[in-house]
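Novice: Please find the sequence and the predicted model below.
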Amino acid sequence: MTTITLTKLVADARALANDHPCKSVGHSWETDGGRSCPSFDWVNCSQPVYRCTRCGEHDYGDSGGPGHRHCTTECPHRP
Ligand SMILES: [Zn+2]
Ligand SMILES: [Zn+2]
Ligand SMILES: [Zn+2]
């Protein structure tokens, strides 16, 4: 068995196991525009939209994500 074949087998096994590429290391967030705040009703709050450069997943402002963190720690519109 060659190394290339083995690598492919491991990749296939991971895909089958639904192994997420960011599961162990976390998403590599990058800002990708902004939107009206989905988390709070603060006037003028514009939450940055984050997108993972590794897997392409978007952050939706859920608790624990970077958008939510922005709103709770950095947002200038907090009451
Ligand atoms: Zn990711
Ligand atoms: Zn904000
Ligand atoms: Zn906000």
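Specialist: Cool, the structure landed. Numbering: from 1, shown residues only. Ligands and ions are numbered 1, 2, ... in the order given.

Novice: At the contact with ligand 1, which residues of this protein appear?
Specialist: Within the chain, the residues that sit near ligand 1 (CB under 5 Å from the ion) are 22, 27, 52, 54-55, 57. C-beta: built from backbone N, CA, C; applies to glycine.

Novice: Can you tell me which of those are buried?
Specialist: The neighbour count (16 or more other CB atoms under 10 Å) marks 27, 52 as buried among those.

Novice: what two of the residues of the chain next to ligand 1 are the furthest from one another?
Specialist: The most widely separated members of the residues of the chain next to ligand 1, counting by CB to CB, are Arg54 and Glu57 (8.5 Å).

Novice: Need the residues touching each of those two.
Specialist: Counting by CB atoms under 8 Å, 6 or more residues apart in numbering, the shared contacts of Arg54 and Glu57 are 22, 27.

Novice: Relative to ligand 3, how far out is the closest residue to Cys71 other than its chain neighbours?
Specialist: Nearest non-adjacent residue to Cys71, counting by CB to CB, 6 or more residues apart in numbering: Ser39, 5.1 Å away. Distance, Ser39 to ligand 3, using CB to the ion, to the nearest Å: 5 Å.
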